[in-house]
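**Q** Need the 3D shape of this:
(one chain, ligands or ions: 1)
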Amino acid sequence: MTGKTHIIGGIAASLAYAYFSGSDPVILTGAGIIGALLPDICHGGSKIGKQLPIISKIINLIFGHRSFTHSILFLVIIAFLMKTFLPYETVTAGLIVGMVSHYILDMGTRSGIQLFFPIDFRVRFPLTTKTGSMAENVIFSVLALVSFYYGYHALSFYL
Ligand SMILES: [Zn+2]
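**A** Numbers count the residues shown, from 1 in each chain. Reported below is the predicted structural model:
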């Protein structure tokens, strides 16, 4: 999936989570967007990889693409680091929700993700799409609609 789809996926998931949890939608969504981009740090051409080229290169060399940073292990490590160094529940929740949205979207691509890293097994949905395909545009549009729906409801948090 492209960075654009991951961002809208993070927004949709965060706003939906905010709606059901009653958390602050703006903080949650801000963290959710970062979480949605974070896993692709293993890929130098990604939005976050371009921001942090050296870290990205190191992770890519050690783990390769869509392995460690697309796993439950990485999710647990991030949650642990947040709990230890930045214990702010809404931000942590947003990061996790964003990362999970990223994993789910990448499971919809042919190469899937190594969800159970270090176990060498790739998880993907029975139906997959190619990055940048027509199907991805449809997914993007649906996620945009979901974002508008929950974004509209998010207004009530402040009113
Ligand atoms: Zn990815």
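
**Q** list the contacts for His6?
**A** 36-37, 40, 101-102, 105 (Cβ atoms under 8 Å, 6 or more residues apart in numbering). Heads up, the C-betas are built off the backbone N, CA and C, glycines and all.

**Q** Adding neighbour count, secondary structure and pLDDT, write those residues out as a markdown table.
**A** A markdown table is the format used below for those (neighbours: other Cβ atoms under 10 Å; DSSP: H, G, I helix; E, B strand; the rest coil; pLDDT from 0 to 100):
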| residue | neighbour count | secondary structure | pLDDT |
| --- | --- | --- | --- |
| Ala36 | 34 | helix | 98 |
| Leu37 | 21 | helix | 96 |
| Asp40 | 24 | helix | 95 |
| Ser101 | 28 | helix | 98 |
| His102 | 26 | helix | 97 |
| Leu105 | 25 | helix | 96 |
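
**Q** just checking: which of the residues you listed also lie near the ion?
**A** Contacts with the ion within those, as defined by Cβ under 5 Å from the ion: Asp40.

**Q** other SSEs contacting the longest helix along the chain?
**A** Determined from DSSP state H, the single longest helix within the chain is helix 134-158. Under the contact criterion of 3 or more Cβ pairs under 8 Å, 6 or more residues apart in numbering; DSSP states H and E, helix 134-158 touches helix 3-21, helix 25-37.
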